[in-house]
Structure formats: structure tokens, C-alpha cells
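In: Provided below are the primary sequence and the corresponding predicted coordinates.
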Amino acid sequence: MAAAALEVKDLSTSFRTDDGIVQAVSGVSFHLDQGATLGVVGESGSGKSVTFLTVMGLVDPRQATVRGSVLLQGEEMLGASQSRMRQIRGRTIGMIFQDPMTSLNPVKTIGWQLQEAVLIHQDVSKKEARRQAIDILKEVEIPRSDQRVDDYPHQFSGGMRQRVMIAMALINNPEILIADEPTTALDVTTQAQILRLMKKLQAEHETAIVMITHDLGVVAELADQVIVMYGGKVVEQANVDDLFAKPEMPYTWGLLGSLPRLNATGARLDQIPGQPPSLLNPPSGCPFHPRCEFVMNVCRTELPGLDASTVGHDHRFRCHLDDEARNRIWTQKKAALVGEDAA
Amino acid sequence: MSSNGSGSELLRIEGLQKHFPVTRGLVFQKEVGSVKAVDGVSFSLNAGETLGVVGESGCGKSTMARCIARLLEPTGGTISFEGRDITHLGRADMRPVRRDMMMVFQDPYASLNPRKRVGSIVGEPLEVHGVGTDTERKRRVQELLEIVGLNPEHYNRFPHEFSGGQRQRIGIARALAINPKLIICDEPVSALDVSVQAQILNLLKDLQDDFGLTYIFIAHDLNVVRHISDRVMVMYLGRAVELGSRDDLYREPKHPYTGALLSAVPIADPEQGRTRKQIILEGDVPSPLNPPEACHFHPRCPRFVDGKCNVDTPELVQHGSHLAACHFPLERWPMSEDEMRRRTGAASVPVAD
């Protein structure tokens, strides 16, 4: 296995607000191998975006307290100087955000914005920067890229803008690409185009990708490793096949069950009752216990450790249920899912 | 359920059109063209049935919904509700019809007045239509809150005190207030998290069973539409390109666009995902201001035939089990991109993955 491109250990981020301390991320650990894809799944407020804002040094130190360790190719990022972080962002780590319209400057041409990224990080002439800008647009399959480079963001469609964002993130050939819900705002046919493009570019550049999403379908298509987050904690982690073959945590079961599937017919969805937890007043014990249908007394008081599963390599999860109970419940749940498929 | 929809015809739409004029000039506005947001859509809907409407952004699905609810004035075509033509009814004549037709909107944050308490939001339709006395209304509102799974004691709270899923429940309670027959849901779950989305979908199904509601359910998510609908209509640039019962349409799509849509949905199963046949369309949905000639889909279609698809507009006619507007409908499903390109339907071609 290649060296980890990114290793995060016991990362915690909390924000001071007028209402009290919000523990957005607590004790998150994972690692991302060179050229691999990590899917990060969770609902709103699960801490998935804050985790990676912290990794990139984008949380405001005046409001946030950060603990733990972020090793980028062996270099500690927490506590690194602002100038060092600026060198890293855009050069070692590229970023794509959900909404391409608000992430692009509406009064500058695409070419200007792409060149800026090159000129900040590389010691090259403007002419060379422009050539790189045109090349990368070609790579993200924008037709007539030598002309379109002088267009403004509003002259592009949503899918094209997201391609431009990808081009901007990749123009300095970063080791890691962090994509935060990159296809959520797009139509399905455009989403399919963008996912295919990301796979292609990853194969060519051997970029490691972090795919933050709420869509288990996108994770299944793109990721090698998956972490499932809930209430600011990692509640399950596994490689993608193991996670879908044998999820171990009731929240993951709930996510899979609540998904309407193309090959399933009108049966009732297996809904998770209640709302995601408030991080201002997080539940004691297991963060999922107020919504869990298998809750036991111990769940209310003790946070389960991240235990190893018997299925798969490095498959870990948090749950107090014993092996036998989990096997039994998952067999039933799976039967329900497959039963629908067969119908 | 397919047992639904056995009722009598509730709604009939024929050749519905909505064109928005495009003007130039500040003072002397001159019409230079029109956006044909909805361009000749026809369908009928039986009582107790759910019609799902899918399509990508800009296909006219929301405009169509707003025309049916008469929030927009249709440019052409007719809308009949319970056998009565309501296309051009005036405000006063329309009012009794509005009691039977309600809407639930996409954004639960924007569709509730932030300054009003939940009680008066949900009770407003009762007030507008002069139903009951104050105490009766209050009791009805509390009953409604309970029906949609909210605490009736939250009567006096403001919308900001609720989460997104709860707000959508408030929107649904408001739509139910005066026992409508038809509820038009415009992307009711798109803004919600998956676990909450499942709750709302289950709630809508329960309400349909309990009150015999008829739904028009608009969404861009094909999984969601399949889950909730009895029949499904696929729209592309203002036109219906395919219309059929849910199972027929999803098992055997006839229009290449429907096929491409179905194959573009990510599958939450890595193994199936790797082995399936995928059709990825090139390009984007063209501008409705200047849509392609004849079949609007022809520039992106793998089955395009020059001299036919760009000359002759296909009608929405019976192909196999259901209706599709295509000159060269798909012979079977699933298909790979390559197979789709062959228009002979040579089923003998070995399927290689």
C-alpha cells in the first residue's frame, strides 16, 4: 500500500457561539492513500464539511478550537503558518464546492481566474499560465476551450461551470482533491458526466479524492474507502464493498433503508424517526441513540468504541449491539431490501 | 399502489401551453420571441392516483404545475377539473375550485411566512374559505398538526423553531386543511436529508391512503418518483416525451432520453454499479428560448437520424405498453450506448459487458 497522502488523527473542532460551544467534529480519524478515493457520507450537521474545512485550515481560529493532528504527506498541518497554508491550498490540495456559481468570480473571465491560480503557485510567465489554462479546460472537456477561456462564468451552464471549478482545482496538479457535494446542484445526466470526468482525471493524474456527499449512490460509484459520519463522529468506516455488503451500524442501515431505489417498488421506506441531533446539546452516549430502534440502556450513557468488524479489512463501527444481534438484524434488513429488488 | 387510480377522472389536461414573451428595450418593449416553457402537454388523472413528473431543470415541470393550479395563466390548451373547464375561470369562479386543489412547494424555508405562527399558517386556508368558527378552526389545525406528525401544542410557534422536515410537514398540513381532492407537490423532498425525505414520502403515502388524495408529484429524482407514483410522465424542454404506468416505464423505457435518465442515476450498490450498462449524454439541455427543430432531443440523442428526427416532430403515441414521442423507440432495456445507436433492434447482438 502506498504512503498515506493525508492522515487525520483524533481531530476535534468546536466553535464558540453565543448559545454555547458547538462540538462540530469530535475525535475523527482516517487516512487517505495516494490515488485513492475516500467517500464521506452524512446528513446536514454531521460534521463532514467542517472536518475538511479544518483540514484545509479554513476555520477561523478566533472562533474555533481545533485539536488533534492532520498529517499531509507527513507534514503536520495544524498550527502551520497562514503563509504555509496558502502555499498548500490550491497547490497540494485542490478544492471543489457545491455551488459553482457562488464559487466563481462573476466579473472576471474564466481564463483570468484560472491564470491567477497558476501565477500564485508557479513561477511562470502570463503566456505560459494562459496556455496551461487552455490545456486544463480541454482536459475537462470544454469544447472550443481556446475561445471559451475568455468567457465569463454566466456564459456557462451549471454543468460547464462545475467543469471549470474542477479545472481550477486541478490546474496545479494537486496530490489531493477535496470535493464537497460537487454534483448535488446538478441534474442527473450532468452528474453522470461530471462523475465520469472525475474518474478519468483521477486515473490520469493519480490524484487522491475526498468525496463529501449525502448521496450513497455517488459514494458507491466513486469511492474506495467510506466513512459514515453522524453527530460529528465517525460511526462506521470500511472499504466500499464491505460497507454495502455488510453495514454494521444501525444508522448506516437506516440510510440504506430510507433510500428509494430504482429497482424497488412502492413498499414503505425504512425511515429513521426524528431529526439529526443538535451539536449544541449533543445526546449523551452514542450520538444516534435517540433515533435508534435497537437502543439499549448502555447506549444512553456510553459512547461505543470504534470496534473492528469481522467482515472486511479495517472495517470499524460504533455500536453496543453484540455480533449475533447485528448479524440477525442485518440479515432481516437485507432480506427486505433484496425482496423489494426481486418484486 | 396500482390499486389506486381506479377512481373516476379528476383532471384532464389537453394541449397545455405556457409561453413567456421575451422582450427587448426598456420603454418601448418589443416582443422578440417567446420561451415555450410548456408546449402542448396532455394527460388525464384519475381520483386517488399519483402522477409523477420527472425531468431536468428547465423542462417546464414546475411551470406546468403552476398552470394547473392556475397560478399562471395558460397560453393555450384546456384544463378540466371534475369535468369542468377551468382554463380561463375568473378569480371569483376559481375560488371554490381552489378548495379542491392545493400545492406543496419545494423550499420549506421560503414557503412559510416567517412572521406568522404555525397555527395561523395552517389555518389560513380555513379562514380564506370561511370554514368554521375560531374555536373550530383551532381544533381543526391541532388535528391537522397531529395528522402530519407534529405536536399539536406547537400551535403557537414560529416556523424558524422547526427543522426542514418539520416545516415541510407544516406545508403539508396547510395543504390538507380544507380536504382538497388534488395536491400538487412541486419537489417536496428535494431540500431534505435522506432520512427525513423517507419520513415525508411515507407520510404522503399514508395521507393518500387515509384521505383518498390525488397527487401530481414533481421531482427530478427518479428514485423518489418511482417510489411514490402510479404513472410517470417524463418531460423534456416543455413537452411530454414519455408517459406510462410506473412499472412499464421503468422496466421498459421507450424514449432514449428516459433511458439515459434512468442509466444516469447512481446506484447505491458498488457491484451492480460496476457491471451495469450506462448511457451518458453529451452536452446540456438546450435553451428553451431557441429549442432544436422537430424532436427537441435530437442533438443529444444516440439514435438521431438526419432528415427524420430534425424534420418531423414525433407525436406522443403508443409504443408497446405505453406512450412515447420517438421515431425510433428502444426495443428493449437495459441497453448500452453502443446498442442504443443501432436502430435495428438486433437483439441477436451478443451483450458484452
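Out: Sure thing, it's come through. Values in this document were obtained by computation on a predicted structure and should not be read as measured data.

In: Three-state assignment for residue B:183, please.
Out: Under DSSP: H, G, I helix; E, B strand; the rest coil, residue B:183 falls in the strand class.

In: Distance from the chain centre to the longest helix along chain B, please.
Out: Determined from DSSP state H, the single longest helix within chain B is helix B:194-211. Centre-to-centre, helix B:194-211 and its host chain are 16 Å apart (Cα atoms, centre = their mean, to the nearest Å).

In: model confidence over it, on average?
Out: Averaged across helix B:194-211, the pLDDT comes to 91.

In: Buried residues of it, list them for me.
Out: For helix B:194-211, a neighbour-count test (16 or more other Cβ atoms under 10 Å in any protein chain shown) marks B:194-205, B:207-208 as buried. All C-beta atoms are positioned from the backbone trio N, CA, C, and that covers glycine.

In: With stretch A:285-292 instead?
Out: A:285-292.

In: center of chain B - which residue?
Out: residue B:218 (2.3 Å; Cα atoms, centre = their mean).

In: correct me, but that one touches residue B:184?
Out: Yes - counting by Cβ atoms under 8 Å, residue B:218 does reach residue B:184; the two are 7.5 Å apart.

In: just to revisit the earlier point, mind listing which of the buried residues of stretch A:285-292 are in strands?
Out: Per DSSP state E, strands hold no members of those.

In: which among those gets closest to chain B?
Out: residue A:291 (8.1 Å; Cβ to the nearest Cβ).

In: and the closest one, what is it in contact with?
Out: A:251, A:254, A:272-274 (Cβ atoms under 8 Å, 6 or more residues apart in numbering or on different chains).

In: How about residue A:128?
Out: residue A:118.

In: Which residues are in contact with each of residue B:218 and residue B:184?
Out: With Cβ under 8 Å, 6+ apart, residue B:218 and residue B:184 have common neighbours residue B:65.

In: So which elements touch the helix or strand containing residue A:28?
Out: Using DSSP states H and E, residue A:28 sits in strand A:20-33. Under the contact definition 3 or more Cβ pairs under 8 Å, 6 or more residues apart in numbering or on different chains; DSSP states H and E, strand A:20-33 sits against strand A:4-17, helix A:48-55, strand A:64-72, strand A:208-213, strand A:225-230, strand A:233-239.

In: 6 Å instead, please
Out: Applying 3 or more Cβ pairs under 6 Å, 6 or more residues apart in numbering or on different chains; DSSP states H and E, one finds that strand A:20-33 contacts strand A:4-17, helix A:48-55.

In: Looking at those, which one is packed in the most?
Out: helix A:48-55 (a mean of 23; mean count of other Cβ atoms under 10 Å in any protein chain shown).

In: one step back: of the buried residues of stretch A:285-292, closest to residue B:67?
Out: residue A:291 (40.4 Å; Cβ to Cβ).

In: Which ones among the contacts of residue A:291 lie within helices?
Out: A:251, A:254.

In: which of the contacts of residue A:291 come close to chain B?
Out: residue A:272 (Cβ under 6 Å from any Cβ of the partner chain).

In: Quick check: end-to-end length of stretch A:313-323?
Out: Using Cα to Cα, to the nearest Å, one end of stretch A:313-323 lies 16 Å from the other.
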